[in-house]
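K.L.:
Okay, predicted coordinates and the sequence, questions at the end:
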Amino acid sequence: MKKIMAVNCGSSSLKFKLFEMPEEQVICSGIVERIGHDDGIFQLKYKDKKDKVIVPVKDHGVAVKIVLDALLKEHIIESYDEIKATGHRVVQGGPYFSKSELFNEDTYNKIESLIPLAPLHNAAHLTGYRAFKEVLPTTPHIAVFDTAFHQTMEEEDYAYAIPKEYTEKYLIRRYGAHGTSHKYLSEVGINKYLDGKKDSKIIVCHLGSGASITAVKDGKCVATSMGLTPCGGIMMNSRTGDIDPSVYYQVLKMSGKTNEEVFQEFNKASGLYGVSGVSNDSRDVDAAALKGEHDSILAMNLWGRRVADFIGQYFVRLGGCDLLIFSAGIGENAPEYRELVFTRISEALGIKIDEELNKKTFGGKEAVLSLEDSKIKVVVIPTDEEVMIARDAYEIGCK
Ligand code: ADP
């Protein structure tokens with residue numbers, strides 16, 4: 001039994017989960033938020049206890065110390081070296097990583113070189129890694145990439161129809177995201193719902209605040225909806241998803257705003273939020289739609305339409321579909337949003353849903369929503385990105 005840390009470092013937050021491996025038991029989890037502030041927030045969930053304290057958190061180094069010292073104080077560990085490996089989530093691995101890798105100098109330099117493609121994320125992951133490395137210098141650190149699972153895509157699935165020069169010189173192409181989740185969900189799908197079937201065709205819908213859909217053939221990703229950055233693909237809580245580039249050009253020209261301002265708006269003030277004008281939380285938009293507000297109803301219908309479009313596209317890409325998986329914040333918890341999709345795909349794809357069961361499936365429940373005579377099996381599976389990070393950290397760091 002070994003203790004393995006799974007870490008997700010953002011620019012101002014550090015989320016972690018400590019696992020007992022290979023049992024895959026979660027020992028504790030927590031988050032440090034507002035890194036860089038005097039009133040940072042540290043929360044630790046251990047056994048039945050949930051502690052929350054406000055503490056100054058100058059930087060990521062301080063955040064790491066706070067976390068590890070809390071583990072000592074609670075006797076979750078008796079010394080730092082009980083942590084046998086640390087897995088770090090990395091959003092952008094570019095064309096360099098098709099699997100998790102030991103965090104060595106070469107890995108570090110490649111992640112650093114990709115900062116222009118994911119400025120907020122990759123820079124924060126490196127800061128987080130440095131902070132952990134300083135406190136745990138002899139523990140193996142492993143980088144687990146959101147993009148790795150999508151590296152099996154073929155050129156015609158990932159290339160953009162832009163001048164070749166940009167593709168080659170600036171590494172502009174579709175990389176996708178949420179790969180760790182798509183991998184986890186498709187593995188569970190194959191093993192649990194398709195009896196380990198060899199030639200499987202799965203469409204995975206990771207529908208959270210950020211959302212993406214993936215076509216998985218024989219366990220390998222062949223297409224994914226997110227693009228160069230997480231702004232691409234389906235419409236999301238606050239992101240546009242795919243749009244005509246002229247929309248961007250025109251808004252820029254007519255609003256007089258800067259490039260950066262418009263880009264931020266397309267990422268943070270668009271999607272369900274932008275269309276409804278209500279909120280970037282899908283629950284608020286649903287509540288407004290139930291009151292009959294036109295813009296919220298439109299926002300939800302647009303969302304359902306875009307998700308349905310991608311499912312249709314991937315049905316063709318795969319040449320059929322054995323299993324359709326819903327997961328993440330909305331996919332797991334929002335029957336009304338799933339229904340927006342079902343009503344738009346069921347006739348064409350011969351899907352039959354147990355509507356009562358759909359209504360009752362939320363809050364971390366796993367369920368088969370389709371009826372026996374449905375042409376495609378439809379399931380809800382709660383995702384678990386952290387266990388995948390812990391698995392790879394354990395495999396690479398401890399064996
Ligand atoms: P991310 O990791 O991208 O932040 P999540 O997968 O955690 O996204 O999903 C968060 C979103 O899921 C929320 O913004 C909200 O729209 C939706 N959501 C979360 N919990 C619920 C719930 N209980 N009921 C309905 N929707 C929910």
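P.N.:
Thanks, I have the structure now.
K.L.:
how many other residues sit next to residue 213?
P.N.:
By the criterion of other CB atoms under 10 Å, residue 213 has 27 neighbours. C-beta: built from backbone N, CA, C; applies to glycine.
K.L.:
Give me the spatial nearest neighbour of the closest residue to the ligand within the stretch 151-300 of the chain, chain neighbours excluded.
P.N.:
At 2.3 Å from the ligand, residue 208 is the closest residue in the stretch 151-300 of the chain, using CB to the nearest ligand atom. Of all residues not flanking residue 208 in the chain, residue 328 sits nearest, at 3.5 Å (CB to CB, 6 or more residues apart in numbering).
K.L.:
Contacts only, for residue 53.
P.N.:
Residue 53 is in contact with 41-43, counting by CB atoms under 8 Å, 6 or more residues apart in numbering.
K.L.:
just residue 259 next, same as before
P.N.:
Here residue 259 is in contact with residue 252 (criterion: CB under 8 Å, 6+ apart).
K.L.:
Where does residue 215 fall, secondary structure wise?
P.N.:
For residue 215, the host element (DSSP states H and E) is strand 211-217.
K.L.:
so how far is that strand off the chain centroid?
P.N.:
Here strand 211-217 is found 12 Å from its chain centre; the criterion is CA atoms, centre = their mean, to the nearest Å.
K.L.:
that older thread, in strands, which of the contacts of residue 53 appear?
P.N.:
Within the contacts of residue 53, residues falling in strands by DSSP state E are 41-43.
K.L.:
buried subset of those residues?
P.N.:
The neighbour-count test (16 or more other CB atoms under 10 Å) marks 41-42 as buried among these.
K.L.:
Could you export the ones in strands among the contacts of residue 53 as CSV, including pLDDT?
P.N.:
Formatted as CSV, the ones in strands among the contacts of residue 53 follow (pLDDT from 0 to 100):
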residue, pLDDT
41, 96
42, 96
43, 96
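K.L.:
May I see the buried residues of stretch 124-144?
P.N.:
124-129, 131-133, 135-136, 139-144.
K.L.:
Which of the residues you listed fall within strands?
P.N.:
The members of these that map onto strands under DSSP E are 141-144.
K.L.:
between those, which is closest to residue 393?
P.N.:
Nearest to residue 393 out of these is residue 142 (CB to CB; 4.4 Å).
K.L.:
quick one: that closest one from residue 324, how far?
P.N.:
Separation of residue 142 from residue 324 (CB to CB, to the nearest Å): 32 Å.
K.L.:
With respect to the ligand, which of the ones in strands among the buried residues of stretch 124-144 is nearest?
P.N.:
In terms of CB to the nearest ligand atom, no member of these lies closer to the ligand than residue 144, at 15.6 Å.
K.L.:
pretty sure that closest one is in contact with residue 86, am I right?
P.N.:
No. Using CB atoms under 8 Å, residue 144 makes no contact with residue 86, being 10.4 Å away.
K.L.:
Find the residues that touch each one of these two.
P.N.:
residue 393.
K.L.:
How many residues are close by the residue nearest to residue 208?
P.N.:
Counted with other CB under 10 Å, the neighbours of residue 328 add up to 22.
K.L.:
From the ligand, how far out is it?
P.N.:
Per CB to the nearest ligand atom, to the nearest Å, residue 328 is found 4 Å from the ligand.
K.L.:
Quick one: neighbours of residue 162, just the number.
P.N.:
12.
K.L.:
typed the wrong thing, it's residue 23
P.N.:
Residue 23 - counted by other CB under 10 Å - has 9 other residues nearby.
K.L.:
Doesn't it belong to a helix?
P.N.:
No. Secondary structure of residue 23 (DSSP: H, G, I helix; E, B strand; the rest coil): coil, not part of a helix.
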